[in-house]
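*Asks:* Take this sequence and fold it.
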Amino acid sequence: MRKRRAAFLDRDGTISVERAGWLTRPDQLRLVRGSGAAIKRLNDAGVPVVVITNQSGVARGHLSEARLAEIHAELERRLRRYGAHVDLILYCPHHPTEGRAKYRKKCRCRKPAKGMLERAARDLDLRLDGSVVIGDDVRDLALSEGTGVKPILVRTGKGRAKEAEARAKYGRRLTVVDRMEQGVDAWLGRA
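*Replies:* Predicted coordinates:
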C-alpha cells in the first residue's frame with residue numbers, strides 16, 4: 001500500500017482556543033471558529049489528521065495525564081459535532097527544566113523536536129514529503145524543517161504575534177492564513 005500524506009495540527013491556538021492560563025478541564029475547551037469544518041474537509045479528502053501538541057502543564061503539575069486524556073476525549077467529541085475526527089493525538093508531557101522529576105527532561109518528543117512527527121509517520125504509515133503542518137507558533141512549524149512537510153501559520157492563537165518571525169525563518173515556503181480552513185483549502189488546492 002502506498003503511504004499517504006497527512007495533516008499535522010497543533011492543538012492550542014490552532015484547533016482549540018488558546019487560554020491565558022492552562023487548559024486543565026474538559027469544560028474549558030473551546031474550538032477555534034472553523035477548525036471543526038477544516039478538519040472535516042481533511043477527513044472528506046481522505047487525509048489522515050494527527051494532532052501534535054506540547055503539554056508541559058503535565059510536567060508542571062497543572063494537570064495529570066488522565067485529565068489530559070479527558071480533555072482530548074472532549075476535543076474528539078466536539079469535533080464529531082462537525083462530522084470530523086482525528087486519527088491520532090500525540091502529546092509531549094515533558095519540560096526540559098521545570099516540573100516534576102518524572103517529566104523534567106530533555107526529550108525527543110517536545111516540539112520543535114520531531115519525535116512525535118516521526119512516531120505518527122511510523123504508526124500510521126504516513127509519508128512526510130507532501131504533508132502539511134498547521135500551527136500558530138514557529139515551534140509548530142519547525143516540524144517541517146528537513147522533512148518535506150509544508151508549513152502553514154494560522155493567525156489565530158499566537159499566530160499573528162509570531163508571523164514576522166515565521167516569515168523570516170521560512171520565507172516563500174511558508175503560507176500564512178487567518179483561519180485553518182483557508183490553510184486546508186490552499187493545501188488541498190481549492191483556494
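*Asks:* for the chain, what's the longest helix?
*Replies:* Secondary structure of the chain per DSSP state H: the longest helix is helix 65-80.
*Asks:* Just the buried positions in it, please.
*Replies:* Of all the residues in helix 65-80, those buried under the rule 16 or more other CB atoms under 10 Å are 67-68, 71-72, 74-75, 78-79. To be clear about C-beta, it is placed using only N, CA and C from the backbone, and glycine gets the same treatment.
*Asks:* Could you name the helices and strands sitting against that helix?
*Replies:* Contacts defined by 3 or more CB pairs under 8 Å, 6 or more residues apart in numbering; DSSP states H and E place helix 65-80 against helix 35-44, strand 88-92.
*Asks:* most packed of the ones you listed?
*Replies:* Most buried of the helices and strands packed on helix 65-80, by mean neighbour count (mean count of other CB atoms under 10 Å): helix 35-44, with a mean of 21.
*Asks:* neighbouring strands for the helix or strand following that one, and are they parallel or not?
*Replies:* Heading C-terminal from helix 35-44, the first helix or strand you meet, by DSSP states H and E, is strand 49-54. If you go by DSSP bridges, strand 49-54 pairs up with strand 7-9 (parallel), strand 88-92 (parallel).
*Asks:* Let me know which of those is the nearest to residue 173.
*Replies:* strand 7-9 (15.3 Å; CB to CB).
*Asks:* so how far is that closest one off the chain centroid?
*Replies:* Computed by CA atoms, centre = their mean, to the nearest Å, the chain-centroid distance of strand 7-9 equals 6 Å.
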